[in-house]
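> Whatever this is, show me its structure:
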Amino acid sequence: MSEEQTVESTATQSGETAPVAEQQQAEPQGNLLNEGASIASSEKDWMSGISEEYRSSASISNAKDVNDLAKQVVNLEKVLGKPKVSLPSEDWQQSEWDEFYSKIGRPESYEGYELSFNSDTIQFADDDKKSLAESFHKAGLSKQQASQVFQSIAEREVNLSQSIEDKFSANEANAREILQKEWGQDFETNLKLSSAALNKLLPSDAVELVQEKYGNDPHLIQLLANAGHAMMDDSEFKGTLQSSSWTNPISAKSEIDQLKLDGQFIGALTDVSNPGHKAAVQKWTDLHKVAAG
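So this is what the prediction gives:
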């Protein structure tokens, strides 16, 4: 074995790496760098056909490839194809506002709005809907905007109506409780006297207003009941009360109390020679039977 062979064999046995091996390991790394640079260069080759004055534009230089640039162009065409709407300005004339409103969806007239709301609680009169539609048109609202605003108004009216109804029911229950404690078994009688007195003292349109605003005020009901008792000498007022049908014990007792104030009836009831004595006795008996339950 020669000296050179002995040295080479010894180096291999000792685990040392030959210089040739080092070159073989380093060579692939250099190839990867070269390939990356080649790819980066090829990605920009498509720009070589574009004029330099356009190539420096950000939209061109930032594009990855021809397809990416084409995508930008298509998207731009979509935007440019839509109607242009100028932003409002403080110095706009009415004609400019009208043009703007039309472009954002306002109908040609207020009649173009469709205002509807389904509810068993409230109903909008045609005149009210017309007034709202005219206001919406003057404000420049689109059909969608007007519909949403109308829905909000209608829902508010429903909630307000329910709130008033709940409050009325609560006040009515409170008034009944107060008056029942005050009047006891005379409750129904005094209620009827109160209602009759109100109708006697006021015209029908005023009666409705009073009942709507103060119909559950126990103090007013007491005042009217007292007025009713004071008007029992009025034959017309008394006739109205007596013409009512009494079908329960409280109602029967009420009529008995009223008949006690009726001098003509008491005369017929107590005078055997009176032609109406028999009918008065029969009515008196029947009423007491009902009152006894």
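> contacts and neighbour counts: CA atoms only from here.
Noted.
> Residues touching stretch 157-172, excluding its own?
By C-alpha atoms under 8 Å, 6 or more residues apart in numbering, the residues outside stretch 157-172 that reach it are 121-122, 216-217.
> make it 6 Å
residue 216 (C-alpha atoms under 6 Å, 6 or more residues apart in numbering).
> for it, which positions count as buried?
Buried residues in stretch 157-172, counted by 16 or more other C-alpha atoms under 10 Å: 157-158, 168, 171-172.
> Just the ones of the residues you listed in strands?
Of those, none are assigned to strands by DSSP state E.
> Tell me where the chain is predicted with low confidence.
For the chain, the stretches with pLDDT under 70 are 1-44, 77, 79-85, 238-252, 290, 293.
> re the thing from before, identify the farthest-apart pair in the buried residues of stretch 157-172.
The distance between the two most remote of those (C-alpha to C-alpha) is 22.2 Å, for 157 and 172.
> Check which helix or strand residue 128 maps to.
Residue 128 belongs to helix 126-139 when elements are defined using DSSP states H and E.
> got the buried residues for that helix?
Of all the residues in helix 126-139, those buried under the rule 16+ other C-alpha under 10 Å are 129-130, 132-134, 136-137.
> got it, and stretch 266-280?
Under the neighbour-count criterion of 16+ other C-alpha under 10 Å, stretch 266-280 has 266, 268-269, 277, 280 buried.
> got the residues you listed as JSON lines, with secondary structure and distance to residue 260 columns?
Output for the buried residues of stretch 266-280, formatted as JSON lines (DSSP: H, G, I helix; E, B strand; the rest coil; distance: C-alpha to C-alpha, whole Å):
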{"residue": "266", "secondary structure": "helix", "distance to residue 260": "7"}
{"residue": "268", "secondary structure": "helix", "distance to residue 260": "12"}
{"residue": "269", "secondary structure": "helix", "distance to residue 260": "10"}
{"residue": "277", "secondary structure": "helix", "distance to residue 260": "15"}
{"residue": "280", "secondary structure": "helix", "distance to residue 260": "12"}
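> quick one: which two of those are the most distant?
Going by C-alpha to C-alpha, the pair spanning the buried residues of stretch 266-280 furthest: 266 and 277, at 9.2 Å.
> between the buried residues of stretch 157-172, which is nearest residue 95?
Using C-alpha to C-alpha, residue 157 comes nearest to residue 95 of those, at 35.1 Å.
> From residue 117, how far out is the closest one?
Between residue 157 and residue 117 the distance is 11 Å, computed by C-alpha to C-alpha, to the nearest Å.
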